[in-house]
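J.: quick check, what structure comes out for this input:
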Amino acid sequence: MDNNIKVEETMTLNLFFNDWLEKYANDEQNLSPDTRQNYVNILKKRILPKYGHMKLTDIKTIHIVNFVNDLKKDGKRLDGKKGPLSPSSIANCYRAVQ
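T.: As a prediction, this is how the structure comes out:
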């Protein structure tokens, strides 16, 4: 059996995040420092708490659709302010998760 297939079948999003950080995000040729920090913050605060335990193979399009839809609701701001997230903040969250 191909080791890559076995890893993909068992790897959780939390484990993938660590690999992504080390092998992709920390390379400034791939992401600017500001973009990297923005993505890391979004992943740590919004995505990993909800989906980090899931295997990569179990994360489906509907999970992403539900995640983005949920961001449109009141109470999703992390700064404590009232009201929904701005469309640009929602777009940043989507970019971080794709």
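J.: could you pull out the helices for the chain?
T.: Secondary structure of the chain by DSSP state H: the helices cover 3-10, 13-20, 33-42, 48-51, 61-71, 87-97.
J.: how about the shortest one: buried residues?
T.: With burial defined by 16 or more other CB atoms under 10 Å, the residues of helix 48-51 counted as buried are 48, 51. Any C-beta I mention is one placed from the backbone N, CA and C, and that applies to glycine too.
J.: going forward, begin numbering at 21 instead of 1
T.: Taking 21 as the first residue, the last one we looked at is helix 68-71.
J.: go ahead and name everything in contact with stretch 110-118.
T.: By CB atoms under 8 Å, 6 or more residues apart in numbering, the surrounding residues in contact with stretch 110-118 are 58-59, 62-63, 66-67, 84, 87-88, 91-92, 105.
J.: let's test this: mean pLDDT of that stretch, rounded?
T.: Mean per-residue pLDDT for stretch 110-118: 92.
J.: cool, and stretch 48-66?
T.: Here the average pLDDT along stretch 48-66 is 94.
J.: so what would you say the end-to-end distance of it is?
T.: Across stretch 48-66, the terminal residues are separated by 24 Å (CA to CA, to the nearest Å).
J.: what does that stretch rub up against?
T.: Contact with stretch 48-66 is made by 37, 41, 44-46, 87, 91, 98, 112-113, 115-117, as judged by CB under 8 Å, 6+ apart.
J.: hmm, back to that, turn the contacts of stretch 110-118 into TSV, columns for distance to residue 52 and neighbour count.
T.: Shown next, in TSV, are the contacts of stretch 110-118 (distance: CB to CB, whole Å; neighbours: other CB atoms under 10 Å):
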residue	distance to residue 52	neighbour count
58	9	16
59	10	20
62	15	19
63	16	22
66	20	18
67	20	19
84	24	15
87	24	18
88	23	14
91	23	18
92	27	11
105	22	20
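J.: nearest to residue 32, of these?
T.: Using CB to CB, residue 67 is the member of the contacts of stretch 110-118 that lies nearest residue 32, at 12.3 Å.
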